[in-house]
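Asks: using only what follows, build the 3D model:
(2 chains)
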Amino acid sequence: MDVRQTLHDLVASAILAAFGDTISPEDASALAIVEMPRDQAHGDLATSACLKLARPLRRNPIDIADSLTMYMEGVAKVELPGLLDDIEVVAPGFVNFHLGLAFFRELLKTISKGGYGSSEIGAGTRINLEFVSTNPTGPLTVAHGRQAAVGDALAHILEHAGYEVSREYYLNDTGGQIRMLGASVYSHYAEAAGGEYPLPENGYKGEYIDEIGRELFEKEGDALLSLPEDAAIEQVGRHAVDKIVAWIKADLEAFRVRYDTWFSQKTFEESGEVAALMERLRRMDLVYEKDGAVWMKVSEYGDEKDRVVVKSDGSYTYRTPDIAYHENKFARGFDSLIDLLGPDHHGHIITMEAAMKALSHPVENFHGLIVQFCSLWRGEEKLKMSTRAGQFVTLREVCDEVGIDATRYFFTARKTDAPLEFDLELAKRQSMDNPVYYIQYMSARLSGVIETAGRDERFAGEIHDGLFLPGEIDLSPLGAEEEPVLRMILALPSVIEKSAQALEPHRLCGWLYDLACLFHHYYAHCRFVSQDAAASRARLYMASALKVLLTETLALIGVSAPEKM
RNA sequence: GCGCCCGUAGCUCAAUUGGAUAGAGUAGUGGGCUUCGAACCCAAAGGUUGCAGGUCCGAGUCCUGCCGGGCGCGCCA
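Replies: Residues are numbered from 1 along each chain as shown, chains lettered A, B, ... in the order given. Model (predicted):
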């Protein structure tokens, strides 16, 4: 069992033993939070439960801590031999736990088996994670790239925390934008085919529009010109969507992002579920007519005002199928829905929350998450972007220029609700300015160490698949020098849990960086392979276990762990 | 005008959902490769956490009010 859980239970039982007459078991459990202090001097793990107990008990926190500690020392001696070196009480009332070295050595054996850092906090919860979901009217840009990186990392982290996650892309493949796309491409097609059709006023610009139009002419000749314009535009639009969706899928795959479901809005609308939702809203008295349109009473559920769901011309607004779509997700059995959206959609999130509430889904089961804009820089120069004007830098271009690993790391490392300044020059620079290489350098060094040991006859026979992990190993040579690295490993499960619960994948990047920092310090001061065979064996075991851990954890954010750089 | 987000070292960002002395990188300064990869390490320096109050044993974090920036406020998506 996880140490934090063990100590949490110990603290909780101590609270009950000493103050069970006034504190309920539920409160004791809630208060017995055990965390890693920032400063190692404050122990490996610590609890502030006594400070929180001081008020309800109307007693001095130090006194409380003393009585809990006395109880815990007695229990630990009998039931948890070797786990704790010391329990200390420190003003103003913290209780600090110091773990024994034997515990840390065992930790290495645990991580060498793989799967370390996972937990069960999400067990039994099915999450639908929708991200990117950009209109298929153009290639993926860097802005979408950030959503892709954050969404995929979040999905991995949630899975690591025990949730069952389904990744979903909502394909907005019908409606006004698609018609506009069709008209824009048709204009280029007509030109190539010797006909004429003006580019719509707010039409899509950009070379790819022209490219699709010309290609279509090469394939179909001028056949489409003989169709009525409406029919031709619709057909061209469908063709363009297919083409662009294929680009998007290929770009995402290259970016190491895969989906479980591509959900077509067009197919969905044709299924009749949107109409069924409207019927339900009427039955529930959640809509009314005004000015020839149908409005939903979302203002009663937290939105600023009521919103139109059916326009006066009889067509739906964009939010109507979207509400039905979210209903559909719940109907498919998901307990919780997460949407990643751009900052220009936060009004929509509030409407969706209200709509979900109106349809009696608890608000905590719907999370609309804003992924802030990403502005691109090339050194001092800020690059201007606008999809509509055809001025943008695609995700693929960025990946080609700076590499997938660096791109994914940069996108994930920042808090998602904060704008991101992405400097191509910096991301590309293979120097110490660049955190992703700093972390990957740890991987390369670990591989180098094991490679060196492979040329040493004392160890060569026990290295398999680049790892030295013999079944029998004496780790007692590992001591104080290794402890900072081992301590950092101890923190991973709580980092994963907190990233998952707060939906903040950037925390994991911070942990990876901190781990690499401690490792490089260790590497600069201690040799893995030396004359001392016993010490070398123990350290090689540690190197191998770390390599397993690092590779797995980098994979959660879609970054590779190279053997050479 | 209303709503949401942001404001931390010169710059780019952290800070374990209210914990202990606010930390990294970068730029600049000084030092370290005869041994596993120097894409690294070590040292010093850098701060009134936008401002002012409040709650609390404890506030960068929570509440109120200002200042400054971004986004949204459509029968567009």
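Asks: got phi/psi on the closest residue to A:Leu224 other than its chain neighbours?
Replies: Nearest residue to A:Leu224 in three dimensions, chain neighbours excluded: A:Ala232, at 4.7 Å (Cβ to Cβ, 6 or more residues apart in numbering). Bear in mind the C-beta positions are built from the backbone N, C-alpha and C, glycine included. Main-chain dihedrals, A:Ala232, degrees, to the nearest 10: phi -60, psi -40.
Asks: ok, A:Ala232 to RNA strand B distance?
Replies: 22 Å (Cβ to the nearest atom of the strand, to the nearest Å).
Asks: same check on A:Cys509?
Replies: On the measure of Cβ to the nearest atom of the strand, A:Cys509 and RNA strand B end up 9 Å apart.
Asks: quick one: neighbours of that residue, just the number.
Replies: Neighbour count of A:Cys509, defined by other Cβ atoms under 10 Å: 25.
Asks: so it belongs to a helix, correct?
Replies: Yes - note on A:Cys509: a helix contains this position according to DSSP: H, G, I helix; E, B strand; the rest coil.
Asks: neighbours around A:Ile178, how many?
Replies: The number of residues near A:Ile178, taken as other Cβ under 10 Å, comes to 22.
Asks: check contacts around it.
Replies: For A:Ile178, the contacting residues are A:Asn135, A:Pro136, A:Thr137, A:Asn172, A:Gly237, A:Val241, by Cβ atoms under 8 Å, 6 or more residues apart in numbering.
Asks: hmm, back to that, quick one: pLDDT of the residue nearest to A:Leu224?
Replies: Each residue has a pLDDT score; the one for A:Ala232 is 94.
Asks: ok, it touching A:Val185?
Replies: No - using Cβ atoms under 8 Å, A:Ala232 is not in contact with A:Val185, being 10.4 Å away.
Asks: which one's more surrounded, those two?
Replies: Neighbour count, other Cβ under 10 Å: between A:Ala232 and A:Val185, A:Val185 has more, with 30 against 21.
Asks: quick check: that one touching A:Arg238?
Replies: No - in this structure A:Val185 lies outside contact range of A:Arg238 using Cβ under 8 Å: 10.5 Å.
Asks: tell me the SS of the spatially closest residue to A:Asp532 that is not a sequence neighbour?
Replies: Among residues not flanking A:Asp532 along the chain, A:Pro477 sits closest, at 7.5 Å (Cβ to Cβ, 6+ apart). Here A:Pro477 is recorded as coil under three-state DSSP.
Asks: residues touching A:Pro477, list them.
Replies: Residues near A:Pro477 by Cβ under 8 Å, 6+ apart: A:Asp532, A:Ala534, A:Ala535, A:Arg537, A:Ala538, A:Arg539.
Asks: the same query, at a cut-off of 7 Å, please.
Replies: With contacts defined as Cβ atoms under 7 Å, 6 or more residues apart in numbering, A:Pro477 is in contact with A:Ala534, A:Ala535, A:Ala538.
Asks: can I assume the second one sits in a strand?
Replies: No - counting by three-state DSSP, A:Ala535 is not found in a strand; it is helix.
Asks: could you check how far it is from A:Asp44?
Replies: 23 Å (Cβ to Cβ, to the nearest Å).
Asks: now do A:Glu353
Replies: From A:Glu353 to A:Asp44 the distance is 41 Å (Cβ to Cβ).
Asks: now A:Tyr163
Replies: Counting by Cβ to Cβ, the gap from A:Tyr163 to A:Asp44 is 28 Å.
Asks: how about A:Glu201?
Replies: 66 Å.
Asks: who's more crowded, the two?
Replies: Legend: neighbour count by other Cβ under 10 Å for A:Glu201 and A:Asp44, higher for A:Asp44 (24 against 6).
Asks: look up phi and psi at the more buried one.
Replies: Backbone torsions of A:Asp44, given as degrees, to the nearest 10, read phi -80, psi -40.
Asks: right, and it touches A:Phe97 too?
Replies: Yes - between A:Asp44 and A:Phe97 there is a contact under Cβ atoms under 7 Å: 6.1 Å.
Asks: joint contacts of the two?
Replies: Common neighbours of A:Asp44 and A:Phe97 (Cβ under 7 Å, 6+ apart) do not exist.
Asks: kindly report the domain assignment for chain A.
Replies: Structurally, chain A divides into domains by automatic domain parsing as follows: A:3-99, A:126-173+A:258-370, A:176-254, A:374-428, A:435-556.
Asks: right, is stretch A:332-350 up against RNA strand B?
Replies: Yes - against RNA strand B, stretch A:332-350 shows contacts by Cβ under 7 Å from any atom of the strand at A:Pro343, A:Asp344, A:His345, A:His346, A:Gly347, A:His348, A:Ile350.
Asks: between the two ends of that stretch, what distance do you get?
Replies: 23 Å (Cα to Cα, to the nearest Å).
Asks: nice, that's everything, thank you.
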